[in-house]
Structure formats: structure tokens, C-alpha cells
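**Student:** Test case, fold it:
(chains A and B)
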Amino acid sequence: MSIWVGENAKVLIQGITGNQGRFHGAKMVEYGTEIVGGVTPRKGGSTVTLHNLDLPVYDTMNEAIIATEAEVSVIYVPPPYAAGAIKEAAKSFHDVRGEGLIVCITEGIPILDMIDVVSDLEKYPNIRLIGPNCPGIITPGAEGGSKIGIMPGHIHQKGRIGIVSKSGTLTYEAVAQTTGIGEGQTTCVGIGGDPIQGTGFIDCLEAFEKDPETEAIVMIGEIGGTAEEEAAEWIKANGTKPVVGFVAGATAPPGKRMGHAGAIISGGKGTADEKIKAFESAGIHVANDPSVIGEVLKIALIEAGLREG
Amino acid sequence: MFRDAGVPVLDGLHCKSVEEAIDAYRKLGGDVVAVKSQIHAGGRGKGTLLDPKTREVVMEGGVKIAFTEDEVRDYSDRILGNVLITKQTGESGKLVSNLYVESGCDIVHEHYLAMLVDRDSNSLLVMASREGGMDIEEVAETNPDSIHRITSSGKSGFDRDSCVDLGNRLGLIGPALEKFTGMVSKLGALFIESDCSMIEINPLVETSDQEIIALDAKVSFDENASFRHPEWDGLRDYGEEEEIELRAKKTGLSYVKLDGDIGCMVNGAGLAMATMDVIKLYGGEPANFLDVGGGADENQVTTAFSIILEDPNVKGILVNIFGGIMRCDIIAKGVISAVSKLGLERPLVVRLAGTNVEEGKAILSKSGLNIHPADSLADGANKIVKLVKGGA
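**Tutor:** Residues are numbered from 1 along each chain as shown, chains lettered A, B, ... in the order given. All right, here's what the predicted structure looks like:
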């Protein structure tokens, strides 16, 4: 089991003919992701070869979903067109299948475009958006698996830990450390560092909580906003599985954007301290140093009786 | 901008010298004016002006009301060329090279109003308070109930009813309420049209003839939308923005200068923040935040290095790369090429992990350069802190 994407999910690439789409498309095929085709307006009917696999290109998402029965779309479209691509995918999945998952990797989408997208998505209750500005989602398989995004596939292994994070490379750090202590992952979700996003921490926590194969959760946050505090409240009220948490940005100065659009302490709000306090009060095992996420996880598993000392 | 959008403002003129300020005073009718320091930070009225060399206090307050030409001369002379420190500038403050001279008005009450994107409700939010002229952060702490809020639905702006409701809560009636309602809706349109991320009007004043006027405002734009706003280039004040941060941005790097002495170069914003945190955890102080991004090439790594080395406070460098899309061998080559171009007199610790890590490590060790390898982030931070402290 896993959340939102199975090992054999059928995936379309929006922006399949662009540099990013081709590069990461090939990496996804190589990992074992079942890529079934792609969409680039006005290039329908052509073929793209990714890692020796010939894939059909369609003009519209509607055609592509009907032809391939895809369940997921991953978007590598440049910022000016990304919001349109998300809306097209949402409407098409809704019209053709009544459900679908959209993973938007694109960084740099204007915030007002995202407000527009998120209010548009309210019309489609069974459509989920992950991102934008995120590494994507991966469900490692016994062999291969489904990697939908830009993360390095080889550090993952199938297992029982669910990982959710705002940051890309910091997720890899956490993944490598869980693998390092002999644990694997059910699903890893990068929710992205933008202030307006499709899927938040709580969505992921709910899904991991429901997933019988996920036995523990690693949650990685960063400064800015109050999503971590809300997630901690949710865990306090609903969580039954052990959670390990880390928050990046304890040394970030106020008022400065730290790379991610959403990573900013404004008006004294959104500090790492507040978030860590919220984590601790919810019984989350906090790692103060990202190098010890694996060790803290080990202790949390032992405490919960899920692992031998 | 406000004037074009139909948001009422007072007449005023931008000035770069004392002479221009006096000229502006005359043009505005020679009555009462406000002389305002122009920097990209709020809290100017309550700021302090310092001499940039001696750091001696020149004047309290970066916004002054002048009733005579002599006062205009005196205030603008004390503002221009000096450094203004406010609650939002940090300790170093900002050099003031521009003034705004604005005609006075008969103020009955000063309000506060800010429009911003609310990340929790995925909508636009207006925050307003009767406690204008003050620092909103202070108001939020001491009197949070005095701050009133309305949100828009999606990005369609604010409907009349909620604007009226907000005006009522601010105690506005009659023509002032009418004008306030019109202003908020125009401001909403401006916000969307211009891809703002925040508009802060402080104070928003109510005058004796029941006008509502934006007396002072701070507007931030959403950088992500710059592709559809070529006109922003004209608004940019390059002298003021940190020149290095700008150069980094042009190379596709994200750089923020800090006050410490350990430079760091990392891939990914989250890991870059975490690297700073761990340096601090091991007793050091980070000199910067630097994210080289997901797919940096040799050239970007070289630029990143030269930016770090330009900071005279940097006594050592920690490179922390978790190769995903980015391959460790590319980083290793970039580090070597940067070091051979720029020289390496300061200790350098490199931690590589992820894609092609073995090749990367081999390239570094074969180079014969004095690079200290590290196995984990903690190991790297520990090593660089010891090297910097030992060498100081």
C-alpha cells in the first residue's frame, strides 16, 4: 500500500517535449514509472523517446486521458503556462474519469495565478494537486516503483515510513537516513515551498494515518506560515502513529525570503522556534539536526514497539 | 501607481537633493509639507538617522513635518546621505538617497490598512485598524482586537458589502465611508492587475473634509510575475537592493547575506537553511544563505564561490550537496575550477552525498587541493567550525 499513487500508476507528462519534461521523463521511465504519454499543445501526433521508450504526444489532456487511461499527470510547464496546465488537467480528469492526481513541479508560478487555480480546484472534489514548486511524489516498489517528479530514485526503498516535506533536498536527506537505518518508505510527498499549494501537511498526515502499511511518519517543515503548527494540532487530536519532525530555518533572519517563496518570517510569525514548540507539544519526536533524523526515527520506532532495540 | 488606479493620494514630488526638496516645497504651494525618507522598509517615522561613518545619531524620525522653507532645508539635509534604521531594516540600516516631499492635509484620524495574500484561506486579505501611524506589529501584540479583517473570494477582489462592513468597523460614516469603500475596491483591482504581494498603507488618513487619503504606502510585487510586467524594471532602485543578492539572482542562485563568518553553498532551499542551522548548532555563525538550485552547472558553482569569497567576514566555507538532479561529480569539478580561479586561503569543507558521490569524492581527493571531506552534514559543520575557530 501507499498513498495516492500505486507502484503501477499510469502517468502523463504535461510539457513532455520541453527540456525538463524530456530529462526527468527519461529518469522516471528508467526508475520504472509507467509513463503512458504526454501533452504539448500543437505537437499532438508526434512521438517522444524517453529512455528507449516511444511515447505518444497529445494536444490536450482530454484526448490524452481518454487514449491512455492515465490516473496521474506531472507538469513540467514553464511558469507563465503552468496555472493553465493545472486547470486543464483538473477539468479533464474530472470530465473523463471523475478523479485524478496532478503533480506540478514548476517553480515560480505567480501567487495570484495559484489563488485562481486553488479556487478553481474547489469545483472538483476528487482531484488532488501536489505542489507547485515541489520535488513530486514517489512510491518505491519491490522492484522499480512509481517516481513522479525530480527526486533521485536510487536513494529510496520500499518500506513502512511515510515522508512529507516542504523541501526537496532535505527530503532526500531524510530518505537516505531512513534507508540508512534499514527502513524504507511507503510514499514520500514533497508538498513544495510555495505559500499557496494544492496539498498540505494535514492532507498527507490523514492519508498516512489511514494507510495500513505506513507505520511511522517523518514530517519536514520550514519557516514561514503556520502549516506546521496546524499539522501539530491535527496530530495531537488524531495521530496514532509515531511522527518524527524537523524544521529548517532556525537561523534565518526575519523579513528575508530564504529561497522558497513561502519561507519568510513576517511580522514575527512563522519562526522555527514556534513550530518546534508546536511539534514538541504534540508529542512529535523532534530532530534538532537534520543529520540525526534517522537516529531519532529509530528511537521513535523502538519506543512505539515497532523495532527491536 | 495609486494615482493612476484612482486611489486618493496627496500631491508630492521625489527629490534627490536639498535644492530639489526646497524647489518641491515651493511648487506644492509653500505651506505645510511632510519630508519623507524613501527606503524600501517600513517604520520610517519612528526610525533613527545615523551618520554612515561615525554612526552618530543625526536625527530621530525619518519622516518630518515642515512648516517653513528653512525647516525643509534642515530636515532634508539631515536625511539625505545618512543611514536610516527602522524596526524593519536591521541593525545596519539603509542609506537614504531619495526624499519625498508631500503637501500637508488636515488629519482627523490616522488608520492602518494592508492588503496581502492570505496563505491560509487562499484569498486576498485586508487588515485594517484605527491605530494608524503606529507599527502594526506592535498593535498586533498590544491590541489585537483592534485589527479588523475581510477576505476576498478567490482573486475576484472585494465585494461592496464586505468593504462597507470593514469601514463600519473602523468607525467611518457618511462620505468618508463611501470613499473608503471605493478606495478598497480600487486597491483590490490594482493589487490583482499589478501582481502585488502586499500593499501597506500607513497611515490611511481621514481628513476634516471627510476625504480618505493614502498618506504613505509600501508596495511589494510578486517576483514570480515579472515575466508579465516589463514596466517593473523602471521601478527598481538598484542602488538600494543588495547588489550581490541581485547578481546571484541573475545567475540563478538564491543568496542572502548574514552576519556570521562561515560561508556556505548548498543545493536546495530547505537544506541550505538546515545547513545554516547546523553550523549554529555546532557553535559557528553562518555568513550567508546560498541555494545553488537543483541543476547548477560549473559556471554557477564558480559564481557562487566568488560571491561567498567576496564577503570579507568569511573565514571558512562549507559546501553541502545532496545530489539529486545535481550530480556530485559536476559539483566537484565546479569547486576545483572555482578554487583554481579564485585561490583558496580559507579552509574549505565539502560534504557530498547522493548521485555520483563516489566520482565526486575521487575528483576532489585527486585534485591535491586542501579540501576537507565530510561524511555527513553534522560532520561537515563540526569540521568547519573547528577549522575557523582554530585559525582565528
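**Student:** I figured residue B:180 was touching residue B:172, is that so?
**Tutor:** Yes: using C-beta atoms under 8 Å, residue B:180 makes contact with residue B:172 at a distance of 5.2 Å. Where you see a C-beta, it was placed from the backbone N, CA and C, and this is true even at glycine.
**Student:** Can you pull the poorly scored residue ranges out of chain B?
**Tutor:** Along chain B, the parts satisfying pLDDT under 70 run over B:154-155, B:236-242, B:294-295, B:391-392.
**Student:** biggest helix in it by residues?
**Tutor:** In terms of residue count, the longest helix belonging to chain B (DSSP state H) is helix B:174-193.
**Student:** Between helix B:174-193 and the helix or strand following that helix, find me the angle.
**Tutor:** Next in sequence after helix B:174-193, counting helices and strands by DSSP states H and E, comes strand B:196-207. When axes from the mean of the first three to the mean of the last three C-alpha atoms, to 10 degrees is applied, the directions of strand B:196-207 and helix B:174-193 differ by 160 degrees.
**Student:** and the lowest-mean-pLDDT helix or strand in chain A, what does it pack onto?
**Tutor:** Least confident helix or strand, chain A: helix A:168-180 with a mean of 92, by mean pLDDT, DSSP states H and E. When contacts are defined as 3 or more C-beta pairs under 8 Å, 6 or more residues apart in numbering or on different chains; DSSP states H and E, helix A:168-180 packs onto strand A:158-165, strand A:185-190, strand A:216-222, strand A:243-248, helix A:293-303, helix B:269-281, strand B:316-323, strand B:348-354.
**Student:** Out of these, flag the one nearest residue A:44.
**Tutor:** strand A:185-190 (30.1 Å; C-beta to C-beta).
**Student:** could you check the angle strand A:158-165 makes with whatever helix or strand comes next after that closest one?
**Tutor:** Counting by DSSP H and E, the element after strand A:185-190 in chain order, helix or strand, is helix A:201-210. If you take the same axes, to 10 degrees, helix A:201-210 sits at 160 degrees to strand A:158-165.
**Student:** okay, helix A:201-210 in CSV with CA atoms only?
**Tutor:** The C-alpha coordinates for helix A:201-210 follow below in CSV (Å, rounded to 0.1, in the frame of the first residue of the first chain):
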residue,chain,number,x,y,z
PHE,A,201,0.8,18.6,5.6
ILE,A,202,-2.6,17.7,7.1
ASP,A,203,-3.8,16.1,3.8
CYS,A,204,-0.7,13.9,3.8
LEU,A,205,-0.9,13.1,7.6
GLU,A,206,-4.5,12.0,7.1
ALA,A,207,-3.6,9.8,4.2
PHE,A,208,-0.6,8.2,6.1
GLU,A,209,-2.8,7.7,9.1
LYS,A,210,-5.3,5.7,7.0
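**Student:** Give the buried residues for it.
**Tutor:** A:201, A:202, A:203, A:204, A:205, A:207, A:208, A:209 (16 or more other C-beta atoms under 10 Å in any protein chain shown).
**Student:** a markdown table for the residues you listed, including pLDDT and distance to chain B?
**Tutor:** Below are the buried residues of helix A:201-210 laid out as a markdown table (pLDDT from 0 to 100; distance: C-beta to the nearest C-beta, whole Å):
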| residue | pLDDT | distance to chain B |
| --- | --- | --- |
| A:201 | 97 | 13 |
| A:202 | 97 | 12 |
| A:203 | 97 | 14 |
| A:204 | 98 | 16 |
| A:205 | 98 | 17 |
| A:207 | 98 | 20 |
| A:208 | 98 | 20 |
| A:209 | 98 | 22 |
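**Student:** What ranges does the chain have for its helices?
**Tutor:** Here I'm looking at chain A. A:19-31, A:61-68, A:79-96, A:111-121, A:168-180, A:201-210, A:227-238, A:272-281, A:293-303.
**Student:** The intended chain is chain B.
**Tutor:** B:2-5, B:18-27, B:69-79, B:136-142, B:160-169, B:174-193, B:232-235, B:243-250, B:269-281, B:298-310, B:328-342, B:357-366, B:377-391.
**Student:** Turn those into TSV, including mean neighbour count and distance to chain A.
**Tutor:** Below are the helices of chain B laid out as TSV (neighbours: other C-beta atoms under 10 Å in any protein chain shown; distance: least, C-beta to the nearest C-beta, whole Å):
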stretch	mean neighbour count	distance to chain A
helix B:2-5	13	16
helix B:18-27	18	29
helix B:69-79	19	22
helix B:136-142	15	5
helix B:160-169	16	16
helix B:174-193	19	6
helix B:232-235	10	13
helix B:243-250	14	9
helix B:269-281	28	2
helix B:298-310	20	13
helix B:328-342	21	11
helix B:357-366	17	10
helix B:377-391	20	4
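**Student:** With distance to residue A:117 added, can I get the ones you listed in CSV?
**Tutor:** Converted to CSV, the helices of chain B look like this (distance: least, C-beta to C-beta, whole Å):
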stretch, distance to residue A:117
helix B:2-5, 25
helix B:18-27, 45
helix B:69-79, 44
helix B:136-142, 30
helix B:160-169, 23
helix B:174-193, 15
helix B:232-235, 23
helix B:243-250, 25
helix B:269-281, 22
helix B:298-310, 30
helix B:328-342, 34
helix B:357-366, 38
helix B:377-391, 35
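**Student:** what stretches of chain A score poorly on pLDDT?
**Tutor:** Counting by pLDDT under 70, the ranges of chain A that qualify are A:1, A:267.
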